[in-house]
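**Student:** Build me a model:
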Amino acid sequence: MGLPFDPIAEARRQWDLRWTGGEAMHAVTSLMRVQQLVIGRLDALLKPHGLTFARYEALVLLVFSSRGALPLGKMGERLQVHPTSVTSIINRLEAAGLVERRPHPGDRRATLAAITDEGRALVERATADLLAADFALGALGGAEQRALSDLLAPVRRDAGDF
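**Tutor:** Sure, this is the predicted structure:
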């Protein structure tokens, strides 16, 4: 059950009584709260599949790769996560039979993560559930979702994401 008032708007009101920059504080606080809500909803949708959103993203990345396999280091770069996070994600996916580790054919120092047939099938089922729930963004229409992506792109670019 929701609060009878918007706590972020109240924080903004209080902020403005003390400091400048209320617009930025309100925007970032709203963004962080929405991120919590969306990740919570996505993880709840994926839980019946034995996945978190982070593990789902790793599987999708492997589905997108031309050979269904990528070096762990490249996965970390593309997922924009720390190498230890990739290792943890792959460990869990491997334990579930969704990926397997293979030696890299061209680099004896590298290991590939390769999606299994079971992993591919799970991605299809999980994706269907995420699509049915509009990736937890059903409160926004398609045009609003595109506008949100466009609005956030300069922040990502400025941070060096791309």
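**Student:** Show me how this structure divides into domains.
**Tutor:** Per automatic domain parsing, the structural domains of the chain span 1-49, 50-133.
**Student:** average pLDDT across the first one?
**Tutor:** So the one you mean is domain 1-49. Per-residue pLDDT values over domain 1-49 give a mean of 97.
**Student:** how about the helices in the chain?
**Tutor:** 7-18, 22-46, 53-64, 72-79, 83-95, 117-132, 142-158 (DSSP state H).
**Student:** which stretch among the ones you listed comes nearest Pro105?
**Tutor:** Among the helices of the chain, helix 72-79 comes nearest to Pro105, with 14.4 Å by CB to CB. (C-beta placed from N, C-alpha, C; glycine too.)
**Student:** Does anything pack onto that closest one? Which helices or strands?
**Tutor:** Using 3 or more CB pairs under 8 Å, 6 or more residues apart in numbering; DSSP states H and E, the elements in contact with helix 72-79 are helix 53-64, helix 83-95, strand 111-115.
**Student:** returning to that earlier point: so which of the helices of the chain gets nearest Arg108?
**Tutor:** Using CB to CB, these put helix 72-79 closest to Arg108, at 14.1 Å.
**Student:** can you put the domains of the chain in TSV and add mean neighbour count?
**Tutor:** As requested, those are exported to TSV (neighbours: other CB atoms under 10 Å):
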stretch	mean neighbour count
domain 1-49	12
domain 50-133	16
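**Student:** Cool, thanks, talk later.
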